[in-house]
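# heads up, no residue letters with this:
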């Protein structure tokens, strides 16, 4: 954890309500960090369904393997998360660790070990000794309380500078249901996925396949549209749990993704995923500015997203924003290098409302002063119109600062 | 030009000999920089052939367009290069500038305007006024001298901290021929191409199509295997000129790329291209260390190169090297995110001769101390063996330092 909080941190944090059917405990296991919590157990009532999306890395961590395997059941009773060690690229030892942890958690909760979900974040390649924390799980499961959401968000932080929490209460049928979400991010953030770890829970009664469809579709324009440094983690995990406890209060059980009663819930979930993803960006390592990149007029939406990511991942674009320099020439460069259909002479570029380039050259009406003033904001919007089609996409990133280099030049040591 | 020379600069520079048939002049045109040369004219005797390779950007600069067009002729009389302004994304004005410049150079040399080649490097999007320098060309062509190669390399620098020059003299048949090369690089360097500007000239008598084949093949493992920051310039240009003057001294005229007499020359050219490309890396913006990345055991050579570039372009790998941290977990991450066939449990990783990981986990024999000592060197070799095939590739990059961010955060202003 950094001692300096990102200037883009929220001005205030929401008070996180309980989600019926979810209890939480955190502990100081001393896995790597001292004098802070680094272990989280989230305990779900029987009947809780689960969905997940994971890193597309070809070298996923052992916990990702375990989650993918257990997801087939669609049922969850305990989530165990540690920070400080990713248990990634740890070979046979890594699998032994996830197995030992899952068994300890299952024993503590009195459930099957395939109802356990795990996530780990931190250094890659160091064996994670389950002896450091598995003995704590029984007590944590027993003592877990419903009101610990912010504590949960703190326990999973690594180089994050603030905890990421979002809550929403919406109607499902005529009944109020709650969604709570937490996330941790900071570095090694890029689609797909775009956060290392995020967990959302609701008391809505939603079947696992429906939950999976909601989550998979919801990530495309949220977590899979943010990038900090183009580096995709081995550990990216987003899990969505539904305890179903609201059914007792009259909420309808949703077993079909096309159920029209799901509309409000879906929008709330998508909004929450976007808020969590943006908080990850706003706490990107060394970030001083949020950057929104919209590409319009591309050949297709897919092409637009590739061009947008080319701009958002360009070190030269990101350093220019850090330097408050409206260097739109670098946006031209990033459009050009994306390898997607583009026509130099139809390209237009905006920073905020300031159009800097049009029809393949500098806008004659461009005001250096107005744009320079705009660049001092802490949230910058870049738009590029390719002028050749109707495809559009928006992605988010942060600027690239000396602090990013400092944080990552001595992270492990 | 930076005031601090890269610690990776050559300890000494070669004395550049003349290349028969080539004369050079430089001038202070004041296009952007003050008190330094920023204009180069390279004048070739009649009969000079030319080949070129260029950026694959979809938004190429106006000079790149002109070179591509004139390359069809295969004949060159004058090369004009300016630094300080890239004449890229300058629309109709940009084309007028290249046209005006080519006409002025052609008039000065008494040749056709399609025998003129142009290159520009510097800021993108600012119109380049040919009135600033075109009046100088007549005098420069008249006064050009054979011994100005190092001066030529200096005139084309932007954020480079040292001039890049290489020379070689080899046999073509029984006759000595000379190759001289210059380059400039620094930022916005990535395949394909991997330098902004490089020019090589020889007195060997080689037909244009043969020259083109030599150059196109020669760049794959040299200029197209280096990356500084993954950002591909709009202006990347590599031109190879052959005056043929050595024919008078008995050198055979080469009209067929399969001519066996070309072997020594080809090897010398490839070596020169690699040396120039490596100098570009060693002068990457803010570079303190050269990084060589070799991937072996990939499914194919193409796949190996993609994985190698994923490692070489990873900000987290590059900052780790900057911090002298043998954080091989980030190499695992970069292999995983490349999207190429890989098997986590067969992966091995070396830093120099230190094997850190084998069979998908940390090498039990790994010595933290030996590796830490190794990381203090100014040239780091990273090798990843994927263990699934016979494909291999090597690419080169530099570390990512705070200086890179500083240089690019206030380059334009």
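Noted; the coordinates are in hand. From a predicted model like this one, the values you see are computed outputs, not experimental measurements.
# Against which helices or strands is the helix or strand where residue A:321 lies packed?
Following DSSP states H and E, one finds residue A:321 within helix A:315-322. On a contact count with 3 or more Cβ pairs under 8 Å, 6 or more residues apart in numbering or on different chains; DSSP states H and E, helix A:315-322 meets strand A:290-298, helix A:329-337, helix B:402-409. Any C-beta I mention is one placed from the backbone N, CA and C, and that applies to glycine too.
# What strands flank the first one, and is each parallel or antiparallel?
The one in question is strand A:290-298. Strand partners for strand A:290-298, identified by DSSP bridges, are recorded as strand A:379-385 (parallel), strand A:391-398 (antiparallel).
# what secondary structure does residue A:159 sit in?
With DSSP: H, G, I helix; E, B strand; the rest coil as the basis, residue A:159 sits in coil.
# Count the neighbours of it for me.
20 (other Cβ atoms under 10 Å in any protein chain shown).
# what do you get for residue A:333?
Residue A:333: 30 neighbours (other Cβ under 10 Å).
# what residues are up against it?
A:314, A:316, B:57, B:59, B:124, B:188, B:231-234 (Cβ atoms under 8 Å, 6 or more residues apart in numbering or on different chains).
# Of the helices and strands packed on helix A:315-322, which stretch is the most buried?
Of those, the one with the most neighbours on average (mean count of other Cβ atoms under 10 Å in any protein chain shown) is helix A:329-337, at a mean of 28.
# Can you tell me which of the contacts of residue A:333 end up in helices?
residue A:316 (DSSP state H).
# I'd like the contacts of residue A:333 as JSON lines, with neighbour count and pLDDT appended.
Converted to JSON lines, those look like this (neighbours: other Cβ atoms under 10 Å in any protein chain shown; pLDDT from 0 to 100):
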{"residue": "A:314", "neighbour count": "27", "pLDDT": "90"}
{"residue": "A:316", "neighbour count": "23", "pLDDT": "87"}
{"residue": "B:57", "neighbour count": "26", "pLDDT": "84"}
{"residue": "B:59", "neighbour count": "26", "pLDDT": "85"}
{"residue": "B:124", "neighbour count": "29", "pLDDT": "82"}
{"residue": "B:188", "neighbour count": "31", "pLDDT": "60"}
{"residue": "B:231", "neighbour count": "23", "pLDDT": "70"}
{"residue": "B:232", "neighbour count": "28", "pLDDT": "70"}
{"residue": "B:233", "neighbour count": "29", "pLDDT": "75"}
{"residue": "B:234", "neighbour count": "30", "pLDDT": "81"}
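# Return the member of the contacts of residue A:333 nearest to residue B:201.
Of all those, residue B:201 sits closest to residue B:233, with 22.0 Å by Cβ to Cβ.
# sorry, back to before: could you list the residues in contact with the helix holding residue A:321?
Under Cβ under 8 Å, 6+ apart, the answer for helix A:315-322 is A:288-289, A:291, A:311-312, A:326-327, A:330-331, A:333-334, A:375, A:380, A:382, A:397-401, B:187-188, B:229-231, B:315, B:400, B:404-405, B:408-409, B:411-412.
# My read is that residue A:4 contacts residue A:161, right?
Yes: Residue A:4 is within contact range of residue A:161, at 6.5 Å (criterion: Cβ atoms under 8 Å).
# who has more neighbours, those two?
Counted by other Cβ under 10 Å, residue A:4 and residue A:161 do not tie: residue A:161 has more neighbours, with 21 against 8.
# With mean neighbour count as extra columns, can I get the strands paired with strand A:290-298 in TSV?
Below are the strands paired with strand A:290-298 laid out as TSV (neighbours: other Cβ atoms under 10 Å in any protein chain shown):
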stretch	mean neighbour count
strand A:379-385	20
strand A:391-398	24
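# Just send those back as JSON lines, with mean pLDDT too.
Formatted as JSON lines, those follow (pLDDT from 0 to 100):
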{"stretch": "strand A:379-385", "mean pLDDT": "97"}
{"stretch": "strand A:391-398", "mean pLDDT": "94"}
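# where in chain A is pLDDT low?
Applying pLDDT under 70 to chain A flags the ranges A:1-3, A:186-195, A:229-231, A:410-413.
# Kindly state the domain boundaries assigned to it.
A:22-282, A:290-409 (automatic domain parsing).
# Farthest from the middle of chain A: give me that residue.
Most distant residue from the mean C-alpha position of chain A: residue A:364, 40.6 Å away (Cα atoms, centre = their mean).
# before we move on, the earlier item: quick one, which of the strands paired with strand A:290-298 gets closest to residue A:152.
strand A:391-398 (24.2 Å).
# so that closest one versus helix A:315-322, what angle?
60 degrees (axes from the mean of the first three to the mean of the last three Cα atoms, to 10 degrees).
# Other residues contacting strand A:391-398?
A:8, A:221, A:225-228, A:277-278, A:281-282, A:284, A:286-305, A:307-309, A:312-313, A:318.
# between that strand and helix A:402-409, how big is the angle?
Going by the same axes, to 10 degrees, strand A:391-398 makes 70 degrees with helix A:402-409.
# Next up, phi/psi of the residue in the stretch 101-250 of chain A positioned nearest to chain B, please.
Nearest residue of the stretch 101-250 of chain A to chain B (Cβ to the nearest Cβ) works out as residue A:124 at 2.7 Å. Recorded main-chain torsions at residue A:124 are phi -90, psi 140, according to degrees, to the nearest 10.
# How about the contacts made by it?
With Cβ under 8 Å, 6+ apart, residue A:124 has these contacts: A:61, A:86, A:88-89, A:234, B:329-330, B:332-333.
# how about 6 Å then?
Applying Cβ atoms under 6 Å, 6 or more residues apart in numbering or on different chains to residue A:124 gives the contacts A:86, A:88-89, B:329, B:332.
# all helices of the stretch 151-300 of chain A, in order?
Assigned by DSSP state H, counting those that start in this stretch, the stretch 151-300 of chain A shows helices spanning A:208-220, A:263-282.
# most tightly surrounded among those helices?
Of the helices of the stretch 151-300 of chain A, helix A:263-282 is the most buried (mean count of other Cβ under 10 Å), at a mean of 21.
# so what secondary structure elements neighbour that one?
Packing partners of helix A:263-282 (3 or more Cβ pairs under 6 Å, 6 or more residues apart in numbering or on different chains; DSSP states H and E): strand A:164-172, strand A:175-184, helix A:208-220.
# As CSV, these with distance to chain B would be great.
Shown next, in CSV, are those (distance: least, Cβ to the nearest Cβ, whole Å):
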stretch, distance to chain B
strand A:164-172, 21
strand A:175-184, 17
helix A:208-220, 17
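# how close does residue A:381 sit to chain B?
Separation of residue A:381 from chain B (Cβ to the nearest Cβ, to the nearest Å) stands at 19 Å.
# what's the answer for residue A:405, then?
Where chain B is concerned, residue A:405 sits at a distance of 5 Å (Cβ to the nearest Cβ).
# ok, and the closest non-adjacent residue to that residue?
residue B:402 (4.8 Å; Cβ to Cβ, 6 or more residues apart in numbering or on different chains).
# Tell me how far that neighbour lies from residue B:51.
For residue B:402, the distance to residue B:51 equals 40 Å [Cβ to Cβ, to the nearest Å].
# cool, residue A:21 as well?
Separation of residue A:21 from residue B:51 (Cβ to Cβ): 71 Å.
# same deal with residue A:75?
65 Å.
# more neighbours, these two?
Applying other Cβ under 10 Å to residue A:75 and residue B:51 shows that residue B:51 carries more neighbours, namely 25 against 18.
# ok, residue A:93 - contacts?
residue A:127.
# Repeat the analysis, applying 8 Å as the threshold.
Counting by Cβ under 8 Å, 6+ apart, residue A:93 has contacts A:127, B:361.
# mind checking which helix or strand it is in?
Here residue A:93 is assigned to helix A:91-109, by DSSP H and E.
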